[in-house]
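**Student:** Generate coordinates for the sequence data below:
(one chain, ligands or ions: 2)
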Amino acid sequence: MRHRKQILRLSARFAAGVAFGAWLAATGGGAQIVGQLFGPTTALAQEADQMEVSPVKARERETYYPNSEDLKPDEMRVIACGTGMPTTRAAQAAACFLVELGNGDKFLFDIGSGSAERISSLQIPYNYLDKVFIGHLHTDHFGALHDLFIGGALLGRNVPLKVWGPSGATPELGTAYALEHLQKMLTWDLAGRAGLVDFRGYVMEVNEFDYKLENEVIYDENGVQIRTFPAIHSIDGSISYALEWNGLKFVFSSDTYPNKWFIEYAKNADLVIHECFIAVPELVSKMKFSPESALLVGTQVHTAPEAFGKVMSAIEPRMAVAYHFFNDFDTTPGVYERIRSTYDGPLSLSEDFMVWNVTKDDIKVRMAVTEERTWAPPLAAPAELPKEEDKVAMAEKLGVESVDFSDFIAGGVWDVDDVLRPIYEDASEAFGQDFPYPDNSAPK
Ligand SMILES: [Zn+2]
Ligand SMILES: [Zn+2]
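**Tutor:** Ligands and ions are numbered 1, 2, ... in the order given. Presented below is the predicted three-dimensional model:
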């Protein structure tokens, strides 16, 4: 009886929802919001069972708490790990979207400045975060790659980091050149770590492909296909990606001016993420651009909100996602209204930690609540002990006898052996294993 009452009550709520939806639609709001909020009636009937209010039973939550939900075999989960700009701010990292698939595969699309912290707060074992696809070589799209490369290896990635990215008009403007030099930039960092940790994760595999490829497959494994097509942004060498798996299609623009390839190859995709820049008035008032620069950057280099809407009206995705603007209470309504002047379909104005659960039947949009004080996630595969050979190999690579301290620096050591020895003794006792104190007390 009580159950029946609940269903009736829910039906009343649903009817109220429809009325609310009609009002929203009439006022230019979104019927799609209602679809998300209220869902199909069968889902409501199921929900009735789960919604019994109890002082002791867990109730459904509106928030995604990482590591509290299994990914279903047919489900795609996308998490915004960066939605902002090259001008850094604490509230939003720069471009980065994590795609997690029910088959166990995970992919990062762009890895802009500040996004590595967002990724770490999801507490995903780093061996699973070994595939990065870069759309173009602006720092707000790959500026945290070295953080994931080094930090991920330190926190348990013991497989190479694989990175895909486009060529450019000349070899110097391509991904291979950029990442070869990024690794050179890290020479000192890597030289100092060799021999101290499991060194297998400090390897980067770079896959550069032709930026002029038009919807061609650049990744095809485990039922996942990733295609690339050209973008129009900054100079030649920007591209967009489409990922297809299990009948679901995810498209990520990286940065681009509206272009014919995106209209063609993102058509009817499930989740379509396209850049949408700050409106010109706010570029002047908030970003302190001159009107001349604001007009150029806000409409000619990037996609203006009105143009974003026009693109989405042509593509008709199940969910359009706008990113690449600072999402604040006083500026976002302007972006929204401008998009709505050209597009009335499903829309997410993204911010960091927005989450989309995508299945064939439903796209659920929520925010994640994450921990800030994260430590290492679990290891997906056991670590190897540090090897002296890694240090020797590093010295050989650098053409030096050794990467140990010079006599000059080692000669500066001030003796604290008396307080360090007991740490070794304690560890030996705690682990039931003998850890001999190093002969030479100088740091290695
Ligand atoms: Zn860019
Ligand atoms: Zn950008």
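
**Student:** Could you check the pLDDT of the closest residue to ligand 1 within the stretch 51-200 of the chain?
**Tutor:** Distances between the stretch 51-200 of the chain and ligand 1 by CB to the ion are smallest at residue 138, namely 3.5 Å. C-beta coordinates here come from the backbone N, C-alpha and C atoms, glycine included. Here the pLDDT value assigned to residue 138 is 98.

**Student:** What's the local residue count around it?
**Tutor:** Burial of residue 138 is recorded as 20 neighbouring residues (other CB atoms under 10 Å).

**Student:** can I assume residue 365 is in contact with residue 348?
**Tutor:** Yes. In terms of CB atoms under 8 Å, residue 365 counts as a neighbour of residue 348; the distance is 5.5 Å.

**Student:** do you know how far the residue of the stretch 101-250 of the chain found nearest ligand 2 is from residue 258?
**Tutor:** Across the stretch 101-250 of the chain, the shortest distance to ligand 2 (CB to the ion) belongs to residue 140, at 4.3 Å. Taking CB to CB, to the nearest Å as the criterion, residue 140 is separated from residue 258 by 20 Å.

**Student:** quick one: which of these two has more around it?
**Tutor:** Between residue 140 and residue 258, counting by other CB under 10 Å, residue 140 is the more crowded of the two (24 against 16).

**Student:** residue ranges of the strands in the stretch 51-200 of the chain, please?
**Tutor:** Assignment of strands within the stretch 51-200 of the chain using DSSP state E, counting those that start in this stretch yields the ranges 63-64, 76-82, 96-101, 106-109, 131-133, 161-166.

**Student:** Was I right to think residue 217 contacts residue 229?
**Tutor:** No. Applying CB under 8 Å, one finds residue 217 not in contact with residue 229, separated by 11.3 Å.

**Student:** So the two - more neighbours on which side?
**Tutor:** Neighbours were counted for residue 217 and for residue 229 using other CB under 10 Å; residue 229 has more, 23 against 13.

**Student:** Where does that one sit: helix, strand or coil?
**Tutor:** Residue 229 falls in the strand class when you classify it by DSSP: H, G, I helix; E, B strand; the rest coil.

**Student:** Would you check that it makes contact with residue 210?
**Tutor:** No. Counting by CB under 8 Å, no contact exists between residue 229 and residue 210, whose distance comes to 11.2 Å.

**Student:** Around ligand 2, pick out the residues from the chain.
**Tutor:** Selection of the chain residues close to ligand 2 by CB under 5 Å from the ion yields 140, 255.

**Student:** ok, back up a step: make JSON lines from the strands of the stretch 51-200 of the chain and add mean neighbour count and mean pLDDT to it.
**Tutor:** Putting these into JSON lines (neighbours: other CB atoms under 10 Å; pLDDT from 0 to 100) gives the following:
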{"stretch": "strand 63-64", "mean neighbour count": "16", "mean pLDDT": "96"}
{"stretch": "strand 76-82", "mean neighbour count": "26", "mean pLDDT": "98"}
{"stretch": "strand 96-101", "mean neighbour count": "26", "mean pLDDT": "99"}
{"stretch": "strand 106-109", "mean neighbour count": "23", "mean pLDDT": "99"}
{"stretch": "strand 131-133", "mean neighbour count": "23", "mean pLDDT": "99"}
{"stretch": "strand 161-166", "mean neighbour count": "24", "mean pLDDT": "99"}
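
**Student:** now those strands as TSV including distance to ligand 1?
**Tutor:** Below are the strands of the stretch 51-200 of the chain laid out as TSV (distance: least, CB to the ion, whole Å):
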stretch	distance to ligand 1
strand 63-64	28
strand 76-82	13
strand 96-101	13
strand 106-109	14
strand 131-133	15
strand 161-166	12
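
**Student:** what's around residue 287, how many residues?
**Tutor:** Here the neighbour count serves as a burial measure; for residue 287 (other CB under 10 Å) it reads 15.

**Student:** hmm, I was thinking of residue 216
**Tutor:** Residue 216 has 11 neighbours, counted by other CB under 10 Å.

**Student:** And residue 219, by the same measure?
**Tutor:** When neighbours are counted by other CB under 10 Å, residue 219 registers 19.

**Student:** got it, and residue 234?
**Tutor:** When counting by other CB under 10 Å, one arrives at 15 neighbours for residue 234.

**Student:** before we move on, back to that, give me the common contacts of residue 365 and residue 348.
**Tutor:** Residues touching both residue 365 and residue 348 (CB atoms under 8 Å, 6 or more residues apart in numbering): 319, 354, 356.

**Student:** measure the second one to residue 307 for me?
**Tutor:** Going back to what we said before, that points to residue 354. 22 Å.

**Student:** now do the first one
**Tutor:** When distance is defined by CB to CB, residue 319 is 19 Å away from residue 307.

**Student:** any idea how far the closest residue to residue 53 other than its chain neighbours lies from ligand 2?
**Tutor:** Distance criterion CB to CB, 6 or more residues apart in numbering; nearest residue to residue 53, sequence neighbours excluded, is residue 59 at 7.3 Å. Taken as CB to the ion, to the nearest Å, the spacing of residue 59 relative to ligand 2 amounts to 40 Å.

**Student:** that older thread, wait, isn't the residue of the stretch 101-250 of the chain closest to ligand 2 in contact with residue 89?
**Tutor:** No. Shown here, residue 140 and residue 89 do not form a contact pair, counting by CB under 8 Å, at 11.4 Å.

**Student:** quick one: contacts for residue 118?
**Tutor:** Remark: with contacts taken as CB under 8 Å, 6+ apart, residue 118 is in contact with 81, 82, 93, 96, 352, 353, 370.

**Student:** which among those residues gets closest to residue 239?
**Tutor:** Distance ranking of these against residue 239, using CB to CB, places residue 96 first at 16.4 Å.

**Student:** Hmm, the closest one is touching residue 142, no?
**Tutor:** No. The pair residue 96 / residue 142 is not scored as a contact, 9.5 Å apart, by CB under 8 Å.

**Student:** what's the overlap in contacts for those two?
**Tutor:** Any residue near both residue 96 and residue 142 by CB under 8 Å, 6+ apart counts here, and that gives 110, 111, 112.

**Student:** Please produce JSON lines containing those, extended by pLDDT, distance to residue 412 and neighbour count.
**Tutor:** Written out in JSON lines, the entries for these read as follows (pLDDT from 0 to 100; distance: CB to CB, whole Å; neighbours: other CB atoms under 10 Å):
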{"residue": "110", "pLDDT": "99", "distance to residue 412": "43", "neighbour count": "31"}
{"residue": "111", "pLDDT": "98", "distance to residue 412": "38", "neighbour count": "31"}
{"residue": "112", "pLDDT": "98", "distance to residue 412": "40", "neighbour count": "30"}
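
**Student:** All set now, cheers.
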